[in-house]
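> below: sequence and its predicted model.
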Amino acid sequence: MEAPAEIGSKRLVVGAHYGLFGWMAQRATAVIMAVYTCILLVAFFCASEFSYEGWAGLFSQTWMKIATFLALASLFYHAWVGIRDVLMDYIHHTGLKLLLQLLTILWLLGCTGYSLLILWSI
């Protein structure tokens with residue numbers, strides 16, 4: 001007896017399979033940045049003193065430093081996911097793509113460290 005013929009074609013699945021994770025990371029970091037923007041708007045409209053001292057007093061509080069750093073870290077990770085996707089889609093030379101990704105990672109890590117230094121020097 002003859003073996004049954006398979007129906008349809010076998011699908012070859014390739015790729016890194018990080019599309020859903022990148023999509024979710026972009027949405028999560030966007031929500032964090034939106035919440036931080038709302039916090040800043042409330043602080044702005046509820047502020048009684050529109051001066052450097054007033055804003056420095058707000059940003060000298062530990063909870064505001066943490067919220068600001070979380071928002072900045074979210075911004076940097078959001079940027080990394082977007083830039084990584086653009087590089088993966090449009091740069092076809094592997095060596096150039098790797099170099100650009102490495103330079104992007106180094107730049108964003110430097111921005112993260114520098115923002116941490118700025119926030120804790122206030």
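The structure has been received and is ready for your questions.

> what segments of the protein are helices?
19-46, 52-59, 62-90, 94-120 (DSSP state H).

> tell me which of these sits most buried.
Compared across those, helix 62-90 shows the largest average neighbour count, a mean of 15 (mean count of other CB atoms under 10 Å). C-beta here means a position set from N, CA and C on the backbone, and glycine is covered the same way.

> ignoring the adjacent residues along the chain, who's closest to residue 70?
residue 32 (6.3 Å; CB to CB, 6 or more residues apart in numbering).

> could you tell me the least trusted of the helices of the chain?
Lowest mean pLDDT within the helices of the chain: helix 52-59, a mean of 89.

> residue 110 versus residue 45, what's the distance?
34 Å (CB to CB, to the nearest Å).

> residue 101 too?
Taken as CB to CB, the span from residue 101 to residue 110 is 15 Å.

> likewise residue 102?
Between residue 102 and residue 110 the computed distance is 13 Å (CB to CB).

> before we move on, what about residue 97?
20 Å.

> then residue 89?
25 Å.

> check residue 93 too.
For residue 93, the distance to residue 110 - CB to CB - is 25 Å.

> cool, and residue 23?
On the measure of CB to CB, residue 23 and residue 110 end up 26 Å apart.

> now do residue 57
Distance from residue 57 to residue 110, by CB to CB: 29 Å.

> can you check residue 78 too?
Going from residue 78 to residue 110 by CB to CB gives 17 Å.
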